[in-house]
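Asker: Dropping a prediction and its sequence here:
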Amino acid sequence: MKVIVTGGAGFIGSAVCRLLAGQKGCKVLNLDKLTYAADLRTVEVVSGRRNYSFVQEDICNKSSIERVFEDFQPDAVMHLAAESHVDRSIDGPAEFIQTNVVGTFTLLEVVREYFNRLDDVAKRVFRFHHVSTDEVFGTLGNEGLFTEETPYAPNSPYSASKAGSDHLVRAWHYTYGLPVIISNCSNNYGPYQFPEKLIPLMILNILHGKKLPVYGSGLNTRDWLYVEDHAEALFTILTKGKVGERYNVGGCNELSNLDVVRKVFDTVTALVPETGCHSFDDVVEFVSDRPGHDWRYAIDPTKIRTELGWTPKHNFDAGLLQTVKWYIAHRDWWEPILKNKYSGERLGKGSVE
């Protein structure tokens, strides 16, 4: 199978590239603009393989993307290229609309023209897999789960831009017959995650003896999914999923942000006691809440489990232990990021002082 992975130098996209090129025998073309959060070091383990190639390009550049499709002749597209950090979307929403909405529209138009030129056999094989987030569904109260039938109610510029891209993908299926599949995932964590996100930020703060900032009361709740489990789920959806359907992917590891930070603290300090951080209460710091902070996300993964046979392999504690060990062992990966790209400062304050 020849697969174009957009955003393949990002956190989730690189896990997909490593899986497809390294374990599944696919021929992979990684198409990535290489924005601030992308890093080709995330795919070094497959970069020398004959079945892997890379093209630096913006999905908004239609003519260039058309040439990529003409040259590579893919059997499938896995679309993961996106701006994805809620805090950054609060500070600068325009980039999210450009990449997530306009970029997805541009890619869909290229794919539609490419698909229409395929012969009947190739058309039956071809798939466009759009990878999205559970944040498009908005927020839950203390009970209930997101299902594939949950109405959309995005509350941040990021989630609104992803909801818009989901709607475009669905419309291109029903209007133009494009063979699409959509998946919506819960919060991912694992190796190679850019340190603006909660878990790597907390790991690095602990290693540096810094405070651990927690929004609001810390009781906002998320469902956590190990990134390599997610990559396996995405491959399963691509190869077994039904055209026109959507699948929710969750880890069934529902935890409050405060509990996550506490678990990170306990795990890091057990492995690296010389950090000097002996008391969680001494280092946790409650800060002003994120504007429009969704209270709770939780996914019902029944459909993907019963119809496609996928289940996650990692519970949160096991996945977190692997993640913490990876960051401890890979200072050479994250130290240049802290020095040159992101030093751990708070983002997304919006109107909050």
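Answerer: Arrived safely. Since the model is a prediction, treat every value here as computed from it, not as a measurement.

Asker: All the helices of the stretch 201-350 of the chain, in order from the start?
Answerer: 227-240, 257-271, 280-283, 302-308, 316-329, 331-340 (DSSP state H, counting those that start in this stretch).

Asker: could you redo these as JSON lines and give each row mean neighbour count?
Answerer: All C-beta atoms are positioned from the backbone trio N, CA, C, and that covers glycine. Listed next are those as JSON lines, based on neighbours: other Cβ atoms under 10 Å:
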{"stretch": "helix 227-240", "mean neighbour count": "22"}
{"stretch": "helix 257-271", "mean neighbour count": "19"}
{"stretch": "helix 280-283", "mean neighbour count": "13"}
{"stretch": "helix 302-308", "mean neighbour count": "16"}
{"stretch": "helix 316-329", "mean neighbour count": "17"}
{"stretch": "helix 331-340", "mean neighbour count": "13"}
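
Asker: among those, which is nearest Arg127?
Answerer: Closest approach to Arg127 among the helices of the stretch 201-350 of the chain (Cβ to Cβ): helix 227-240, 5.9 Å.

Asker: which strands and helices sit next to the closest one?
Answerer: On a contact count with 3 or more Cβ pairs under 8 Å, 6 or more residues apart in numbering; DSSP states H and E, helix 227-240 meets helix 11-22, strand 76-79, strand 127-133, strand 180-185, strand 187-189, strand 246-249, helix 302-308.

Asker: who's in contact with the third one?
Answerer: In other words, strand 127-133. 12, 75-80, 84, 104, 108, 111, 159, 162, 165-166, 169, 178-185, 234, 237-238, 241, 243 (Cβ atoms under 8 Å, 6 or more residues apart in numbering).

Asker: Can you flag the buried ones in those?
Answerer: For these, a neighbour count by 16 or more other Cβ atoms under 10 Å gives the buried set as 12, 75-80, 84, 104, 108, 111, 159, 162, 165-166, 169, 178-185, 234, 237-238, 241.

Asker: Let me know the pLDDT of Lys303.
Answerer: We have a pLDDT of 98 for Lys303.

Asker: so who does it touch?
Answerer: Shown in contact with Lys303 (Cβ under 8 Å, 6+ apart): 147-148, 247-248.

Asker: Can you select the buried ones from those in PyMOL?
Answerer: Per 16+ other Cβ under 10 Å, the buried members of those correspond to this PyMOL selection:
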select buried, resi 148+247+248
